[in-house]
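Peer 1: Predicted structure and sequence below. I'll ask about it afterward.
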Amino acid sequence: MKTIEWFACLSFEKKDILFPRDGILECRYDEGIAPEVRWNDNYIRPVNLDLILKNSFGFSMTDSLNCTIILRGQNDFAVQTEAVPVMKEIALSDLRPVSGLAADFLLRSGIIAFRFLQDRIQYVVDIQKLIKKAGAAV
Amino acid sequence: MDTELYQEILDNQKDFKASASDGKDFTWLIFTAGKDTFALAPEEVREIVRNTEIYPLPFVPPYIKGVLNRHGDPYAVIDISLFLGQEELSENLFLILNNDNNIALRISEIREFHTAGEGDFKRISDASRSDYFSGAVSYNSITASVLTVTGITGKIRTDLENN
């Protein structure tokens, strides 16, 4: 049984967005707001992840997208963010899966688990589900 | 010995609950949310939490203000005033409900644990029955509406399914 997982962590003030590192195909920095990124002889239209986090979570952003992350999904997709992903190894027992009344809703929305660290919160997310719930196309 | 003591404690609990259900007296947790006064049976509340941070949740109805951290576990925060169609609350006071739903009610102020006689509780008649209230308790010339947790959680569940 897996007890530890590597996560990519995007930090926004006191909140972190975590997703499995295995899902990352590539990170590109200082790309600016490119309307399309080239990947495997195709072009992918990146999703503005910060805008989704701003609108759905109420995160504060600087609106400077300087990292493009290409992710594995049903179809490979790309997101752009101001945050630089930092890799963290986390014991799965430290995470609290969504539970209770809102559990099913949160899972459908792409929220899998939480971790509280002093005054921080970490959200473990399925980025593709989160983007779809927000109404963006991937 | 331990078994005997355990059984005696159990028997005492049954006697206590039986006397409570005889309709003599019943204790209510009286609290306010905005301008309104509410009552809950104390056993429906696991803990009262003050001054804790609320972290945002995405895509939820406006009356779900986020999650709070209770001993490392997330609890969805329900602004009970906003839920009931009144003004949003700003106080950082929460009732952690004693069930498996992992929810906390945001409230304004705890008034007291009030012991009321049988005649002080007025059940809402079936005709005017509300999903969220089972009745009302008279308290210091104020009427406190008795909340029905199952009705409230049922509505939240429906809202989340439809959202």
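Peer 2: Cool, the structure landed. Residues are numbered from 1 along each chain as shown, chains lettered A, B, ... in the order given.

Peer 1: tell me what the longest strand seen in chain A is packed against?
Peer 2: The longest strand of chain A (DSSP state E) is strand A:4-12. The contact analysis (3 or more C-beta pairs under 8 Å, 6 or more residues apart in numbering or on different chains; DSSP states H and E) places strand A:4-12 against strand A:15-20, strand A:86-91. (Glycine included, C-beta is placed from N, CA and C.)

Peer 1: Relative to the last one, what are the paired strands and their orientations?
Peer 2: The sheet places strand A:86-91 alongside strand A:4-12 (antiparallel), with pairing taken from DSSP bridges.

Peer 1: hmm, back to that, now the longest strand of chain A: how far from the chain's centre is it?
Peer 2: Centroid displacement of strand A:4-12 relative to its chain, using C-alpha atoms, centre = their mean, to the nearest Å, is 9 Å.

Peer 1: Same question for stretch B:89-106.
Peer 2: Worked out by C-alpha atoms, centre = their mean, stretch B:89-106 lies 8 Å from the chain centre.

Peer 1: does any bit of that stretch sit next to chain A?
Peer 2: Yes - judged by C-beta under 8 Å from any C-beta of the partner chain, stretch B:89-106 and chain A are in contact via B:100, B:101, B:102, B:103.

Peer 1: burial measure for residue 34, as a count.
Peer 2: Chain wasn't specified; assuming chain A. 15 (other C-beta atoms under 10 Å in any protein chain shown).

Peer 1: The chain in question should be chain B.
Peer 2: For residue B:34, the neighbour count with other C-beta under 10 Å is 18.

Peer 1: Ramachandran angles for residue B:7?
Peer 2: phi -60, psi -40 (degrees, to the nearest 10).

Peer 1: Could you say which of the helices and strands packed on strand A:4-12 is packed most deeply?
Peer 2: strand A:15-20 (a mean of 21; mean count of other C-beta atoms under 10 Å in any protein chain shown).

Peer 1: Against residue B:28, how distant is the closest residue to residue B:133 other than its chain neighbours?
Peer 2: Excluding its sequence neighbours, the residue lying closest to residue B:133 (C-beta to C-beta, 6 or more residues apart in numbering or on different chains) is residue B:145, at 4.9 Å. As judged by C-beta to C-beta, to the nearest Å, residue B:145 and residue B:28 stand 11 Å apart.

Peer 1: so what does the longest helix seen in chain A touch, helix or strand wise?
Peer 2: Longest helix of chain A, by residue count under DSSP state H: helix A:49-57. Applying 3+ C-beta pairs under 8 Å, 6+ apart, one finds that helix A:49-57 contacts strand A:77-81, helix A:127-133.

Peer 1: hmm, try it at 10 Å
Peer 2: Contact partners of helix A:49-57 among helices and strands, from 3 or more C-beta pairs under 10 Å, 6 or more residues apart in numbering or on different chains; DSSP states H and E: strand A:4-12, strand A:15-20, strand A:67-71, strand A:77-81, strand A:120-125, helix A:127-133.
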